[in-house]
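Visitor: generate coordinates for the sequence data below:
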Amino acid sequence: WYVRTAGRMGGGFVLAVGLALLPIAMQAQGVKDSVAAGRKTRDSLAAAANVPDSVAMGTQPVTLATAIKFAEQNSPTAIAARGSVQSGHAAVRSAYGAFLPSIDASFGASRQFTYTGSLTRVNSAGEKVTLAGNQWNYSNSLGFSAVLFNAANVPNVRAAKAGLAAADQNVIAQQFNIALSVETQFYAALSARESEDAARTQLMQAQQQLLAARRQVVAGAATASDSLTAVVQIANAVLALKTAESQRRDANAALTRLVGSTVPLAAALNDPDVTSRDTVQIDSAALVSRASVSPTIAQATALLTEAEARRSAARAGYLPTINAGYSVGGSGAGVYGIGNSSTFPYSGQLTVGLSIPIFNQFSTQAQIVNATVNQANAAATLRDTKLQAVQLAVQYIDALRLGQEQILVQSASIAAAEENLRVVQQRYNLGLSTIVDLLTAQTTLNQAQAQLIAAHNSVRLTTAQIEALIGQPLVTVTTGSNGVTR
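Guide: Take a look at the predicted model:
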């Protein structure tokens, strides 16, 4: 009986111990499953991050200067601006041509079929002549006509010249606007590439954190949530990498369109024209001075001059005009009088006319009113353009200096964040900090890197905006030799 009782008690004890250890065993199995799942997820995410970029592999690198050069050649805006210059030259020639006479010449031949053998007709001198029937008759004439006085001719010439000057300044303005568009996409592509490098570093760090978390979980110093949290960090890093790659492809596609290339292009790395902009020093007084004579202001000034000339031309509609003309011609049976001038008599006519406008259904008044309104609009536009140039000069100077300060601050922040991440990583490996502390340090580093990239992009874009504002290379307003020339 004692043996049976002892056996029963021993079996119950084993069963109790087994039931007590069951949750622990299940937790250990869960840890193994979690670690295995984390390893599988990590491997799949890493494989996804290493997928070749087929779009980027087929692109051709292009420097900033080359991209701007071809964009200025192929841009529809630049082509239209150059076309406006050609039209302006034609308008100036036409305005000067109003002072020159018009010359017309005509030659003709006719044959009448009378079926009677002769034809009686009256010539241009009023004489009755008899021509042989069924034969050819010839005629020619030469005429000159000119406007001896038209008060609108001189203002029209002045307006045409002003329009040509405005077109010339528009070409310069469009060149720098096109350059600004190209640089915007160029710098966007470089920023995306820098974001890719930061995301790859983030991915590598997240993978290392996952390995450390796995070791901590296996050692019992951390829970399975640490490894799962590290897997989430890997997923976020992969997502950041894919986002940066997508942004780079989009920027390169936009750059290719602006350049007008049939071959996919990509922003070249380590371009000295780009890196020199990060430390450029702007002379504030020189910038404001150049902005006050920018192509945009010169164009607005020329448009005001054109509007004033158009108003003077419209007011000339009240003044009379004097016209003169002379014509000479002949007709006859001889072949234009060759060999026998008696059969081909000539006659001439001189005319002089004075035209006085008395009433033209108020069309002159309407033209004057429209011209006056256009002049007032042009004057207001010029005034606003000058004020805007001063405003933008102040904004760009502040933005440039603030961006350069941000570069210095964020560079120091990255160094501090990297050191802090290293210390927190070691503390986590020793079990002295939590995964939350490690993720906080990693997030701080990621934010500092993103802000540094944004600061670089802001400085580069601001320098491009300054060039577009003054319509001159950046070197004309710098205090050193690191300005960019084109």
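Visitor: which strands and helices sit next to the helix or strand hosting Asn137?
Guide: Using DSSP states H and E, Asn137 maps to strand 136-149. Packing partners of strand 136-149 (3 or more Cβ pairs under 8 Å, 6 or more residues apart in numbering; DSSP states H and E): strand 102-111, strand 321-332. All C-beta spots, glycine's among them, are computed from the backbone N, C-alpha and C.
Visitor: tell me the helix or strand right after the longest one.
Guide: Meaning strand 321-332. strand 346-355.
Visitor: what comes up buried for that following strand?
Guide: Buried residues in strand 346-355, defined by neighbour count with 16 or more other Cβ atoms under 10 Å: Tyr346.
Visitor: quick one, strands of the protein?
Guide: 60-62, 102-111, 118-122, 128-132, 136-149, 265-267, 321-332, 346-355 (DSSP state E).
Visitor: quick check: angle from the second one to strand 136-149?
Guide: With axes from the mean of the first three to the mean of the last three Cα atoms, to 10 degrees as the basis, strand 102-111 and strand 136-149 are set at 160 degrees to each other.
Visitor: pLDDT wise, what is Ala333 at?
Guide: In this model, Ala333 is scored at 71, pLDDT.
Visitor: pLDDT averaged over the strand holding Asn137 - what is it?
Guide: On average, strand 136-149 scores 89.
Visitor: highest mean neighbour count out of the helices and strands packed on strand 136-149?
Guide: strand 321-332 (a mean of 17; mean count of other Cβ atoms under 10 Å).
Visitor: who does it pair up with?
Guide: Strand 321-332 sits in its sheet next to strand 136-149 (antiparallel), strand 346-355 (antiparallel), going by DSSP bridges.
Visitor: from the chain's centroid, how far away is the first one?
Guide: The chain centre lies 54 Å from the centre of strand 136-149; the measure is Cα atoms, centre = their mean, to the nearest Å.
Visitor: and for stretch 462-482?
Guide: 18 Å.
Visitor: and the strands paired with strand 321-332 as a markdown table, adding distance to Ile435?
Guide: Shown next, in a markdown table, are those (distance: least, Cβ to Cβ, whole Å):
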| stretch | distance to Ile435 |
| --- | --- |
| strand 136-149 | 92 |
| strand 346-355 | 95 |
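Visitor: any idea how far Ala454 is from Gln447?
Guide: 10 Å (Cβ to Cβ, to the nearest Å).
Visitor: next, count neighbours for the nearest residue to Val157 once chain neighbours are set aside.
Guide: Nearest residue to Val157, sequence neighbours excluded (Cβ to Cβ, 6 or more residues apart in numbering): Ala95, at 4.3 Å. Close neighbours of Ala95, defined as other Cβ atoms under 10 Å, add up to 22.
Visitor: so which of the strands paired with strand 321-332 gets nearest Ala393?
Guide: strand 136-149 (48.4 Å; Cβ to Cβ).
Visitor: ok, and what's touching the closest one?
Guide: For strand 136-149, contacts defined as Cβ atoms under 8 Å, 6 or more residues apart in numbering pick out 98-112, 131, 153, 320-336, 344.
Visitor: likewise for stretch 190-198?
Guide: Residues contacting stretch 190-198 (Cβ under 8 Å, 6+ apart): 240-241, 243-245, 247-248, 251, 267, 269, 274, 446, 449-450, 453-454, 456-457.
Visitor: check the gap between the residue nearest to the spatial centre of the chain and Thr476 for me.
Guide: With distances taken as Cα atoms, centre = their mean, Ser181 lies nearest the centre of the chain, 3.1 Å away. For Ser181, the distance to Thr476 equals 21 Å [Cβ to Cβ].
Visitor: show me the helices in the protein, by range?
Guide: 2-49, 54-57, 64-74, 76-97, 153-219, 224-259, 272-275, 284-291, 295-315, 363-429, 435-470 (DSSP state H).
Visitor: how about JSON lines for those helices, with mean pLDDT and distance to Glu127 added?
Guide: What follows is the helices of the chain, written out as JSON lines (pLDDT from 0 to 100; distance: least, Cβ to Cβ, whole Å):
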{"stretch": "helix 2-49", "mean pLDDT": "44", "distance to Glu127": "104"}
{"stretch": "helix 54-57", "mean pLDDT": "49", "distance to Glu127": "89"}
{"stretch": "helix 64-74", "mean pLDDT": "93", "distance to Glu127": "68"}
{"stretch": "helix 76-97", "mean pLDDT": "95", "distance to Glu127": "39"}
{"stretch": "helix 153-219", "mean pLDDT": "91", "distance to Glu127": "42"}
{"stretch": "helix 224-259", "mean pLDDT": "89", "distance to Glu127": "75"}
{"stretch": "helix 272-275", "mean pLDDT": "86", "distance to Glu127": "84"}
{"stretch": "helix 284-291", "mean pLDDT": "91", "distance to Glu127": "77"}
{"stretch": "helix 295-315", "mean pLDDT": "95", "distance to Glu127": "48"}
{"stretch": "helix 363-429", "mean pLDDT": "94", "distance to Glu127": "45"}
{"stretch": "helix 435-470", "mean pLDDT": "91", "distance to Glu127": "76"}
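Visitor: mind putting those into JSON lines with distance to Leu142?
Guide: JSON lines is the format used below for the helices of the chain (distance: least, Cβ to Cβ, whole Å):
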{"stretch": "helix 2-49", "distance to Leu142": "85"}
{"stretch": "helix 54-57", "distance to Leu142": "70"}
{"stretch": "helix 64-74", "distance to Leu142": "47"}
{"stretch": "helix 76-97", "distance to Leu142": "20"}
{"stretch": "helix 153-219", "distance to Leu142": "25"}
{"stretch": "helix 224-259", "distance to Leu142": "56"}
{"stretch": "helix 272-275", "distance to Leu142": "63"}
{"stretch": "helix 284-291", "distance to Leu142": "57"}
{"stretch": "helix 295-315", "distance to Leu142": "32"}
{"stretch": "helix 363-429", "distance to Leu142": "35"}
{"stretch": "helix 435-470", "distance to Leu142": "56"}
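Visitor: quick one, which of these is nearest to Leu354?
Guide: Across the helices of the chain, closest to Leu354 is helix 153-219 (Cβ to Cβ), at 16.4 Å.
Visitor: any idea of the angle the closest one forms with helix 224-259?
Guide: 160 degrees.
Visitor: helix 153-219: how far from the chain's middle?
Guide: With Cα atoms, centre = their mean, you get 11 Å for helix 153-219.
Visitor: same thing with stretch 395-414?
Guide: The answer for stretch 395-414 is 25 Å, by Cα atoms, centre = their mean.
Visitor: number the chain from 29, please
Guide: All set: I'll call the first residue 29, so the last point we hit is now stretch 423-442.
Visitor: buried residues, it. List them.
Guide: Quick answer for stretch 423-442 (16+ other Cβ under 10 Å): 424-425, 427-428, 431-432, 434-435, 438, 441-442.
Visitor: among the strands of the chain, which comes closest to Lys414?
Guide: Closest among these, using Cβ to Cβ: strand 293-295, at 35.3 Å.
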